[in-house]
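[1] Pasted the sequence and its predicted model underneath.
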Amino acid sequence: MISLQQMREAASAVSAYTVRTSQRPSAVLSERLGTQVVLKLELEQHSGSFKTRGAFAQLLALDEAEKRRGVVAVSGGNFARAVGYSSGVLGVDAIVCMPENAPASSIAATRDYGAAVELLPDAAAAFARAEALVAQQGRVNLHPFDSAQQIAGNGIVALEVLEDCPMLTDIIVSIGGGGLIAGVIAALKAAKPTARIWGVEPDTAPSMRRALDAGKIVNIKPASLSKTLGSPFAGGLAFELCRQHLEDLVLVTDLEMIAAQQTFIREEGLIPELAAASTLAAADKISGRFGADEQLALLICGGNDAPEDIERFAAML
């Protein structure tokens, strides 16, 4: 388990480089779900998602010799942006290995931030290329989700949620590789053990569901429209935390995520990516499990879907 002290140290280290994102109640969603709903807006973070917190936490933990060797990372979108942004701010040379089907907007943004991008046939090939660059060039591997520093950085989000909503009873978190929910579990089980933590995955990219069912990490071939929830496997640290502490894991369809995304746009004036909208899709499915006086947080993890993709998604409804 990542300790509360580790998360507080990460919060102190990254505070000069990251945003304390806002949180707000939603009257519309509270009525819809029959409970008190608050929205944690990580789409306000630099580079557009929570990933920036952990990227800075990993980079700031490096010594000067490691920084001079440069870093390498693997990502289908948001971690690529985060590494591009944070490495640019800190002046660290970075290569990001991305699958060829990663969103064009994320590839462009990562390059614009100053990182070099290598495109590989799929996520598995991207991970293999990153390992090769570590062996060949001595680069430091920044893991997108299965890193103690990344998870500690992610846990800051949950600590902020609790500061702004001390009566929190429940939180719904999307799962790609599991780094975000691992940080949320570690933070809340240390700071408020009674809080229930719910996970959500696309039914076409259920890396954690398959792992929990098998009792071990397994490889999958993700096929969701949400590329940021397209990890080919779940992280080991996240798997152990989810196995011990997750209240439940909800599977949602791409169309359910798209419908939820449109609800946020129409009712809340927010433009979350599909991964973030999945939390509302999951809440709709389990709304009967929340009481009228309970406090439910939906973690809006990012907002990096391109406008043309959002328009294309909406046309599918």
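    Great, that's in hand.
[2] Excluding chain neighbours, what is closest to residue 201?
    residue 175 (5.0 Å; CB to CB, 6 or more residues apart in numbering). In this view, the C-beta of every residue, glycine as well, is placed from N, C-alpha and C.
[3] my read: that neighbour touches residue 199, true?
    Yes: the pair formed by residue 175 and residue 199 meets the contact definition of CB atoms under 8 Å, at 4.8 Å.
[4] How many neighbouring residues does the residue nearest to residue 201 have?
    Neighbour count for residue 175, taken as other CB atoms under 10 Å: 30.
[5] Would you quantify the distance from it to residue 147?
    From residue 175 over to residue 147 the distance is 16 Å, taken as CB to CB, to the nearest Å.
[6] Check residue 41 too.
    24 Å.
[7] Please apply the same query to residue 240.
    From residue 240 over to residue 147 (counting by CB to CB), the distance is 14 Å.
[8] got it, and residue 2?
    10 Å.
[9] So which residues of the stretch 201-317 of the chain form helices?
    For the stretch 201-317 of the chain, the helices defined by DSSP state H, counting those that start in this stretch occupy 207-214, 236-245, 254-263, 274-286, 307-314.
[10] Next, the buried residues of the longest one.
    Neighbour-count burial for helix 274-286, counted by 16 or more other CB atoms under 10 Å, picks out 274, 275, 276, 277, 278, 279, 280, 281, 282, 283, 284, 286.
[11] which helix of this structure spans the most residues?
    Longest helix in the chain, counting residues (DSSP state H): helix 148-164.
[12] now that helix and helix 236-245, what's the angle there?
    With axes from the mean of the first three to the mean of the last three CA atoms, to 10 degrees defining the directions, helix 148-164 sits at 40 degrees from helix 236-245.
[13] which strands and helices sit next to helix 148-164?
    If contacts are counted by 3 or more CB pairs under 8 Å, 6 or more residues apart in numbering; DSSP states H and E, helix 148-164 sits against helix 4-14, strand 23-25, strand 36-41, helix 51-60, helix 179-191, helix 236-245, strand 295-300.
[14] Most tightly packed of the ones you listed?
    helix 51-60 (a mean of 29; mean count of other CB atoms under 10 Å).
[15] name the element residue 101 belongs to?
    Assigning secondary structure by DSSP states H and E places residue 101 outside every helix and strand.
[16] got a list of what it touches?
    For residue 101, the contact set (CB atoms under 8 Å, 6 or more residues apart in numbering) comprises 76, 122, 227.
[17] Tell me, what's the model's pLDDT at it?
    Looking at residue 101, its pLDDT is 90.
[18] got it, and residue 122?
    89.
[19] quick one on the thing from earlier: distance to residue 116 and mean pLDDT added to the helices of the stretch 201-317 of the chain, as a markdown table?
    Listed next are the helices of the stretch 201-317 of the chain as a markdown table, based on distance: least, CB to CB, whole Å; pLDDT from 0 to 100:
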| stretch | distance to residue 116 | mean pLDDT |
| --- | --- | --- |
| helix 207-214 | 27 | 98 |
| helix 236-245 | 28 | 96 |
| helix 254-263 | 31 | 98 |
| helix 274-286 | 25 | 98 |
| helix 307-314 | 24 | 97 |
